[in-house]
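Visitor: Give me coordinates for this.
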Amino acid sequence: MLSTEIGRRAFLRGAFWAGTAACVPAILGKGLAFGAEFNTLAGAAGGLAELGLSVTLADIERAQQVVRAVASRTPLVGEQPLSRVSGARVYLKLENLQRTGAFKVRGSFNKIAGLSAAQRAKGVITASAGNHAQGVALAASMNDLTSTIVMPETAPKTKLEATQAFGGKVVLHGRTFDEALAYALKLQVETGAVFIHPYDDPAVIAGQGTIGLEILQDLPDVDVVLVPIGGGGLAAGVAVAIKSLRPTARVIGVEPANAPSMVAALQAGKPTAVPVTPTLADGTAVGKSGSATFPIVQKLVDEVITLTEAEIAEGMRFLLLRNKILAEGAGSLCAAALVAGKLNLKGKKVVSIVSGANIDPARLRQLLESA
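Guide: Residues are numbered from 1 along each chain as shown. Okay, the predicted model is just below:
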């Protein structure tokens, strides 16, 4: 089953690359080193120091050197169908092309690479709905560490099998991510393993923030960056990078209406537990935003919007059928916001992060049959 899924994923990615090969070299050529325009922007760095955030631009720059050992420098591709629909000049940041199929490996590797010898000897443990699980399993294997991954019983089979293929020991517990998280923390106390939080850790946030640096290297005059939000690790990291170097750019978060933890936190002024109902964007199905991520999102993210399941489904179909890009529900959130017309970004240079591609085949089949 796993080999079939890997072959299917490789075919779909290959089809995408065949259609974009002409534009990728020019994009990557711009971003191999900081350009003059980027260095000019860097002069604005340090403007966030007075905010007292737990993650700084320097942390993200250090992380960029670390994650190069594992993370691909994914392309930023100009996108015509979404540009026509939204009236904006849309670029897709294709994190679905990471070897784990999602951006999460950046943060997990940055965290694990910084562990001491004593910590490494105890191994690592985490909880995840799937993408962080694969990132931790791969990062641990590359560092010769044992990893235990607690996943909810509802986790897609493809994510479970991929996590095992990367060397992780999978433990299934609970129906939701929050139940899996509680059990993982219990096991961590019992075993002494180092807990690798999927989002609420400065080293993880810094690792995810390297995406923001790459965006600015490729598109220094970006106007808006759209970021999926679950617990807030990706949004927080990207926001620190973007706002440090281009403070005039807007950062907008997108989360499912069935798991509106960040919207609830912003309304309450603190992380607040919310009920989570099943969502196509299972990778963002978090019942409570992080205590480390929330202050960053509160101070740096300009707006957070929510999408219905129908809107998420339409975004997934749009990416696959119109762009030949396979993306899971969470990975489609930003594109879905543009397709749904939720934002007025006409004439703006907009980056939409496609954060992951790990979708269960049965769910993909249902999605296409309902088109």
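Visitor: Going by C-alpha atoms from here, please, whenever you check contacts or count neighbours.
Guide: Will do.
Visitor: Burial check on D302, number of neighbours?
Guide: 14 (other CA atoms under 10 Å).
Visitor: which ones are touching it?
Guide: Each residue near D302 by CA atoms under 8 Å, 6 or more residues apart in numbering is listed here: R250, V251, I252.
Visitor: measure it to A236 for me?
Guide: Going from D302 to A236 by CA to CA, to the nearest Å gives 12 Å.
Visitor: returning to that earlier point: mind putting the contacts of D302 in JSON lines, neighbour count, pLDDT and distance to G130 included?
Guide: Putting the contacts of D302 into JSON lines (neighbours: other CA atoms under 10 Å; pLDDT from 0 to 100; distance: CA to CA, whole Å) gives the following:
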{"residue": "R250", "neighbour count": "20", "pLDDT": "98", "distance to G130": "29"}
{"residue": "V251", "neighbour count": "26", "pLDDT": "98", "distance to G130": "25"}
{"residue": "I252", "neighbour count": "23", "pLDDT": "98", "distance to G130": "24"}
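Visitor: Going by distance to V227, which of those residues wins?
Guide: Among these, I252 lies closest to V227 (CA to CA), at 6.2 Å.
Visitor: Help me confirm that that closest one comes into contact with V227.
Guide: Yes - applying CA atoms under 8 Å, one finds I252 in contact with V227, separated by 6.2 Å.
Visitor: how many neighbours does R68 have?
Guide: For R68, using other CA under 10 Å, the count is 14.
Visitor: pLDDT score assigned to it?
Guide: In the predicted model, R68 carries a pLDDT score of 96.
Visitor: so what's P152 up against?
Guide: By CA under 8 Å, 6+ apart, the residues touching P152 are S128, A129, L172, H173, G174, R175, T176, F177, E179, A180.
Visitor: if you set the cut-off to 10 Å instead, what comes out?
Guide: P152 sits next to 127-130, 160, 171-181, 183 when contact means CA atoms under 10 Å, 6 or more residues apart in numbering.
Visitor: If I look at it, what pLDDT would I see?
Guide: pLDDT recorded at P152 is 91.
Visitor: And it, how close does it get to F318?
Guide: 29 Å.
Visitor: returning to what we had before: out of the contacts of D302, which is nearest to R365?
Guide: Nearest to R365 among the contacts of D302 is I252, at 30.2 Å by CA to CA.
Visitor: so who does that closest one touch?
Guide: 224-229, 235, 239, 297, 300-305, 334, 343, 352.
Visitor: make it 7 Å
Guide: Contact partners of I252, counting by CA atoms under 7 Å, 6 or more residues apart in numbering, are V225, L226, V227, V301, D302, E303, V304.
Visitor: and the residue nearest to N323 when sequence neighbours are not counted, how many neighbours?
Guide: Closest residue to N323 apart from its sequence neighbours, by CA to CA, 6 or more residues apart in numbering: P81 at 7.4 Å. Other residues near P81 number 15, with proximity taken as other CA under 10 Å.
Visitor: Counting neighbours, what do you get for S147?
Guide: Counted with other CA under 10 Å, residues neighbouring S147 total 27.
Visitor: returning to that earlier point: for the contacts of I252, which one is nearest Q267?
Guide: Closest to Q267, out of all of the contacts of I252 and judged by CA to CA, is V304, at 10.8 Å.
Visitor: a strand runs through that closest one, doesn't it?
Guide: Yes - under DSSP: H, G, I helix; E, B strand; the rest coil, V304 falls within a strand.
Visitor: contacts for stretch 269-286?
Guide: With CA under 7 Å, 6+ apart, stretch 269-286 has contacts from 129, 177-178, 229-231, 255-256, 258-259, 261, 264-265, 287-291, 294, 309, 329-330.
Visitor: same deal with stretch 49-67?
Guide: R106, F109, N110, P202, A206, G207, G209, T210, V240, A241, S244, I296.
Visitor: got the contact list for the fourth one?
Guide: Yep, that's P202 we're talking about. P202 is in contact with S54, V55, counting by CA under 7 Å, 6+ apart.
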